[in-house]
Each structure stands twice: as C-alpha cells, then as structure tokens.
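In: Sequence plus the predicted model coming up.
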Amino acid sequence: MIFTRFRRAPRGPDTISALYGMIVAQARLPCFYRDYAVADTVNGRLDLILLHLALGLDRLMRDPALKELGQGVFDRFCKDMDGNLREMGIGDLKVPKEMKKIGEAFYGRSQAYQAALGESGDEALVEAIVRNIYGGSAAEMAAARRLAVYMRVAAGDLAVQATADLAAGQMRFPDPAAVP
C-alpha cells in the first residue's frame, strides 16, 4: 500500500543498544565502587544498573515520542539479564524465576526512586538508596547521601536532554566524581 512509505521508521536496534550501553557504562564507572562505596559484586553492579535504568527509562517514558524507545531499552535490558543468567550457569528452568526476581527488583526500586525524587527533601531518597544499594547498612550513610545528590543531578540533566538527541541514541549522565 502507498501509505507504508510514509510511516515512521521504527527505532533501530542500534539506537536501543546505544542507549542501553550508555546506561550500563555509567553504572560500571569505577568511581561508584571506589568513592561511593557500592559493593563491587554481581549484586552491587546490578543495583547500579537498575538505578541508572530507572533514571533513563523515566526520562524516556515521560516523553510520548520516546515511549516506544523506552520499551525497547527495557526489552534490551531483559534480554541482557537473561543472557547473563545463562552465562553464570543458571539452568533453563530457573531462568524465568530469576528474571521475575530481577523484574520485581527493577519495578520496586524504580517506584521508590521516582517517589523519593518527587519529594523536596532527600531523606526518602537516602532511605531508598540505603535499603537498595547498601543492603540497609547505616554505616554507608555518607555515601548514600552523596549518591542521592548524584541521582538528583542525573535526573535533572536527563530532564533537559533534547528529545531528538535521545531518539538518536545519545543519553548523557553526569560525572559522578564531580558530585560533592
């Protein structure tokens, strides 16, 4: 049919992979493990990916023009987690159960972070960070407060990024080392 020529081209896998790659690259910065005292473990790395994914997807999903792209990034995350579980030796029968746990962790953290970012003070955000990133340990309170500041800066930076830039696969996060 002639109208198929005028349809918008769907977002390509390259754009989705680029955005997801930026989220993962940011979460893997050594600064988080060295200066923010995040545990350099499988769980610590997953927690930081979930944190950055929540920030990035919130920005994408708030823009009607980017919702489809946001869903593509989330689907890419799920595919990556599935592959990582299999690479770690999780059996085919256990992968769906583990994926369910990861999905629940993402949605729970995402809701907690977005609700806390919507408040004026940092107490709820620090509490969510202590619970989700530091396993409830109050010993890391200074690091949690710094991570809360970083999250607010990142959310603010993402909010002002142009739709066209994001649609082109360009997502910028702040330098965590520069956050006081």
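Out: Arrived safely. Residues are numbered from 1 along each chain as shown.
In: Break down the protein into its helices, ranges please.
Out: Along the chain, the stretches classed as helices by DSSP state H are 13-27, 30-34, 42-62, 67-87, 95-117, 123-132, 141-159, 163-167.
In: So for A177, which of those sits nearest?
Out: Of all those, helix 30-34 sits nearest to A177, with 4.8 Å by CB to CB. The way it works is simple: take the backbone N, C-alpha and C, and place the C-beta from them, glycine included.
In: so how far is the closest one off the chain centroid?
Out: Remark: helix 30-34 is offset 16 Å from the chain centroid, using CA atoms, centre = their mean, to the nearest Å.
In: returning to what we had before: and of the helices of the chain, who's closest to P174?
Out: helix 141-159 (4.9 Å).
In: Could you export the helices of the chain as CSV, including distance to P174, mean pLDDT and mean neighbour count?
Out: Output for the helices of the chain, formatted as CSV (distance: least, CB to CB, whole Å; pLDDT from 0 to 100; neighbours: other CB atoms under 10 Å):
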stretch, distance to P174, mean pLDDT, mean neighbour count
helix 13-27, 9, 94, 18
helix 30-34, 11, 96, 15
helix 42-62, 11, 97, 20
helix 67-87, 19, 95, 16
helix 95-117, 15, 96, 15
helix 123-132, 16, 96, 19
helix 141-159, 5, 96, 18
helix 163-167, 15, 96, 15
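In: Out of those helices, flag the one nearest D175.
Out: Comparing these by CB to CB, helix 30-34 comes nearest, at 8.0 Å.
In: Okay then, goodbye and thanks.
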